[in-house]
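Student: Provided below for reference: sequence and predicted model.
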Amino acid sequence: MERTAASTSSTERPPCVLAGVVVGAHGLRGEIRVRCFGEPGDFETIGRLYAAEREDGSDGQEYSVTRVAKGRRAELRITLRDVDDRETAEGLRGRQIFVDIDDLVPTDDDEYYGYQLIGCRVEGEDGSEIGVVRDIGSTGAADVLVVADANGREQLVPTVREFVRDVDLDARRIVIEVIPGLLIDD
């Protein structure tokens, strides 16, 4: 359950995932530094990306990726075709980076990308309804499911094996163990 990334889609391009944000240029030849949302290794196989100013990615400009390398912690250095100087790379600073879902590294059977969990129903082991996953957050120690309950409150559920008992993506359902103090009571 370690992998995270928000998602978006557009009728003009394949389904995409928000992969990160451009934090600056690297060197003089146009490489960009991208702070990754998720594990940097998940994005090392991308062949193209979309750099967008809008959070929904609707204004994304497509770029062909010619090289992806590890950068600083939680960053990648990405070389884009037709971005060949520092000034052009700096012009992308602050842009949201979206990648095609099909370009992501495949997950293991017990791992999921965050975009796959958004919208799933969350239930207790006894079948009680907890809510719907609206977002994935991070506390530093573990990622958390941000679950909107029936009263509109946000419940935070750690994405660790001790709490998450079953994930059924086909049924759009996540079963958790509800222990005392985990959820906000009325």
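Tutor: Received it, and whenever you're ready, just let me know what you need.

Student: for the strand or helix carrying Val22, what is the average pLDDT?
Tutor: Here Val22, judged by DSSP states H and E, is contained in strand 13-26. What strand 13-26 shows for mean pLDDT is 87.

Student: which element follows it toward the C-terminus?
Tutor: Note on strand 13-26: by DSSP H and E, the next helix or strand toward the C-terminus is strand 31-36.

Student: Partner strands of that following strand, with direction?
Tutor: Applying DSSP bridges to the sheet, strand 31-36 is found paired with strand 13-26 (antiparallel), strand 75-80 (antiparallel).

Student: Take the first one, keep the C-alpha atoms, and write them as CSV.
Tutor: Taking only C-alpha atoms (Å, rounded to 0.1, in the frame of the first residue of the first chain), the coordinates of strand 13-26 have been written out as CSV:
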residue,chain,number,x,y,z
ARG,A,13,-5.1,12.0,-24.0
PRO,A,14,-4.8,8.6,-22.2
PRO,A,15,-5.7,8.5,-18.5
CYS,A,16,-3.0,10.2,-16.5
VAL,A,17,-1.6,10.4,-13.0
LEU,A,18,-0.3,13.4,-11.2
ALA,A,19,3.4,12.3,-10.7
GLY,A,20,5.0,15.4,-9.2
VAL,A,21,5.9,19.1,-9.6
VAL,A,22,8.8,20.8,-11.3
VAL,A,23,11.0,22.3,-8.6
GLY,A,24,13.7,23.8,-10.9
ALA,A,25,16.4,23.1,-13.5
HIS,A,26,19.4,20.9,-13.2
